[in-house]
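[1] Structure for this input, please:
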Amino acid sequence: MANDILKKTVGLLSIAGIACGISCAHAAGPLPAPRLDETAPKTAENRVIVLSGGCFWGVQAVFQHVKGVIKAVSGYAGGAAAAANYGDVSTGRTGHAESVEVTYNPKEISAGKLLQIFFSVAHDPTELNRQGPDTGTQYRSAIFYTTPEQEKIAQDYIAQLDAAHVFPKPIVTQVGPLQKFYPAEAYHQNYAAEHPDNPYIVTNDLPKVADLKKEFKDIYVER
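    Okay, the predicted model is just below:
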């Protein structure tokens, strides 16, 4: 995401092939399901996982349409700085990544299923420090876990996908513990839903939601 939304929109005109989306990175259809997943919950308590896959607008838009997701919030994670805001994170110097905090009901959806969606339609996990037109470490691919079980599932799933060569290049997704999540500014929240005609959203993010609806129709919900 450029520091200025206008720059982001204009930049689309000079970048070829952006519209092909994640489907260009692997064979059509959802990726194989993780061979490891969360154990059945003993309580109804919600769980949280934070996912980074480029501009948070599109990642948030995808998970807002997933059954079992209570809420998806755009924000920042993974940096050493004691606070985070869009202006500072956009410099790439804070160490944070644009991220989405996904709160989910483990009785309806599992961490493994969320990661299957994350790798299948939400972003291209083989792009290092970039996604489409957005470049910099703030656009890196990362999974920030909140339980040891989530860590094991994420690490094993990456190894599983790499071993199966479902992508033409190795996965570069980082996996680490969530230290702190900072919600993004209000104008970034629900951006794709509120600005469906923005050229950036049309080109980069609506295709992800369409792929979710096509490839995971059993858990896609309209919101």
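
[2] which of the residues in stretch 155-162 are buried?
    Across stretch 155-162, burial judged by 16 or more other Cβ atoms under 10 Å covers 157-158, 160-161. (C-beta placed from N, C-alpha, C; glycine too.)

[3] likewise stretch 81-95?
    84, 86, 88-90, 94.

[4] hmm, who's touching it?
    1-3, 75-76, 78-80, 96, 98, 136-138, 182, 184-185, 188 (Cβ atoms under 8 Å, 6 or more residues apart in numbering).

[5] Endpoints of that stretch, how far apart?
    7 Å (Cα to Cα, to the nearest Å).

[6] in this protein, which ranges drop under the pLDDT threshold?
    1-24, 26-28 (pLDDT under 70).

[7] State the phi and psi torsions of the residue in the chain sticking out farthest from the centre.
    Computed with Cα atoms, centre = their mean, the residue of the chain farthest from its C-alpha average is Lys42, at 27.5 Å. The phi/psi pair for Lys42 (degrees, to the nearest 10) reads phi -90, psi -20.

[8] Okay, strands next: where are they in this structure?
    In the chain, the segments counted as strands under DSSP state E are 47-53, 69-77, 97-104, 130-131, 134-135, 141-145, 174-177, 181-183.

[9] from those, which stretch is densest packed?
    Neighbour counts (mean count of other Cβ atoms under 10 Å) averaged over each of the strands of the chain peak at strand 97-104, with a mean of 26.

[10] Tell me the strands beside that strand, with direction?
    Here strand 97-104 has these sheet partners by DSSP bridges: strand 47-53 (antiparallel), strand 69-77 (antiparallel).

[11] possible to save those strands as a markdown table with distance to Glu215?
    Below are these laid out as a markdown table (distance: least, Cβ to Cβ, whole Å):
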| stretch | distance to Glu215 |
| --- | --- |
| strand 47-53 | 16 |
| strand 69-77 | 16 |
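
[12] Distance to Asn105 for the buried residues of stretch 81-95 - can I get that in CSV?
    What follows is these, written out as CSV (distance: Cβ to Cβ, whole Å):
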residue, distance to Asn105
Ala84, 27
Tyr86, 30
Asp88, 33
Val89, 29
Ser90, 33
Thr94, 32
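
[13] one step back: enumerate every residue touching the residue farthest from the centre of the chain.
    Per Cβ under 8 Å, 6+ apart, neighbours of Lys42: none.
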